[in-house]
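**Q** Build me a structure from this.
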Amino acid sequence: MVRGKVHMEKVQDPVNRRVTFCKRKTCLLKKGKELSTLCDAEIGLIIFSPTGKLYEFASPSMRRIMKKYQKFGASMGRHIPLDEHLEMLRLEVENMRKRITFLEKTYKHMIGEDLESSNFKELQCLEKQMSLGARRIWTRKEKMSLEHIRSLKMKAKSLIVENANLFKKIGRSRTECYLNNDIMEGVNSSLETDAVTQQDLPQTNLNLALS
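**A** Below you'll find the model as predicted:
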């Protein structure tokens, strides 16, 4: 089975995004371990999830990998101090946490929770967003309903045609049954007539002999 081409863009659905992250993260860590074992390569992987959780793999150790990376960066004119690098990572994690907090707050507002701190303008903006979302949901729902009705109509037409064919087959079967019954009745009548004729013949001969 040929796999379809994956479009390299952000997965919009939160559930699908979490599933995709889990699968790709596990595969990446597994490939890093395989590459280290098979090729004796020194590998360091650092992964932060959308929620700020850290995943890492290092062979032989992350400290050794970072020192070697610093040394290589210095020789290439791209020296990045370890403290500065860690500070950059810390800031990135902090930004991710703020982003998560903002999204959680927005989600609660969308379901009508924690609205006490919102002012009138914010509530108006939220109302417009929800109205737009409701219209989109209604449009999608209406489209799916029409498609479902169209599918049911097609099934109904198919069943009507199938029933008509079955009635035709039943009609032919009844006609053949009636014909067979008529033939059998004719045969039986003929047999009964022959039997009566055979019974009458001996009596006639006997009467002739007595006279």
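
**Q** Can you list the residue ranges for strands in the chain?
**A** With DSSP state E as the criterion, the chain has strands at 43-48, 54-59.

**Q** Name the residues of stretch 98-107 that are buried.
**A** Neighbour counts using 16 or more other C-beta atoms under 10 Å place no residue of stretch 98-107 among the buried ones. Bear in mind the C-beta positions are built from the backbone N, C-alpha and C, glycine included.

**Q** typo on my end, it should be stretch 59-66
**A** 59, 65-66.

**Q** Near residue 109, how many other residues are there?
**A** 19 (other C-beta atoms under 10 Å).

**Q** Next up, the contacts around the spatially closest residue to it that is not a sequence neighbour.
**A** Closest residue in space to residue 109, ignoring its immediate chain neighbours: residue 126 at 5.6 Å, by C-beta to C-beta, 6 or more residues apart in numbering. The contact partners of residue 126, taken as C-beta atoms under 8 Å, 6 or more residues apart in numbering, are 109-110, 118.

**Q** on that earlier part again, rebuild the strands of the chain as TSV, extending it with distance to residue 152 and mean pLDDT.
**A** Listed next are the strands of the chain as TSV, based on distance: least, C-beta to C-beta, whole Å; pLDDT from 0 to 100:
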stretch	distance to residue 152	mean pLDDT
strand 43-48	48	88
strand 54-59	48	87
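
**Q** Compile these into JSON lines and extend it with columns for distance to residue 151.
**A** Conversion of those to JSON lines gives the following (distance: least, C-beta to C-beta, whole Å):
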{"stretch": "strand 43-48", "distance to residue 151": "44"}
{"stretch": "strand 54-59", "distance to residue 151": "45"}
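
**Q** which stretch among those comes nearest residue 131?
**A** Distance to residue 131, taken as C-beta to C-beta, is lowest for strand 43-48 among the strands of the chain, at 35.9 Å.

**Q** Which other helices and strands does that closest one contact?
**A** For strand 43-48, the packing partners by 3 or more C-beta pairs under 8 Å, 6 or more residues apart in numbering; DSSP states H and E come out as helix 14-39, strand 54-59, helix 62-75, helix 82-110.

**Q** Determine which of those shows the lowest mean per-residue pLDDT.
**A** Mean pLDDT per stretch puts helix 62-75 lowest among these, at a mean of 77.

**Q** Alpha carbons of that one, as CSV, please.
**A** Listed next in CSV are the C-alpha coordinates belonging to helix 62-75 (Å, rounded to 0.1, in the frame of the first residue of the first chain):
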residue,chain,number,x,y,z
MET,A,62,24.4,15.0,26.9
ARG,A,63,27.2,16.9,28.7
ARG,A,64,29.9,15.4,26.4
ILE,A,65,27.8,16.1,23.3
MET,A,66,27.3,19.7,24.4
LYS,A,67,31.0,20.2,25.1
LYS,A,68,31.9,18.7,21.7
TYR,A,69,29.3,20.9,20.0
GLN,A,70,30.7,24.0,21.7
LYS,A,71,34.2,23.1,20.6
PHE,A,72,33.1,22.5,17.1
GLY,A,73,31.1,25.8,17.0
ALA,A,74,34.1,27.7,18.2
SER,A,75,36.3,26.3,15.5
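
**Q** Done for today, thanks.
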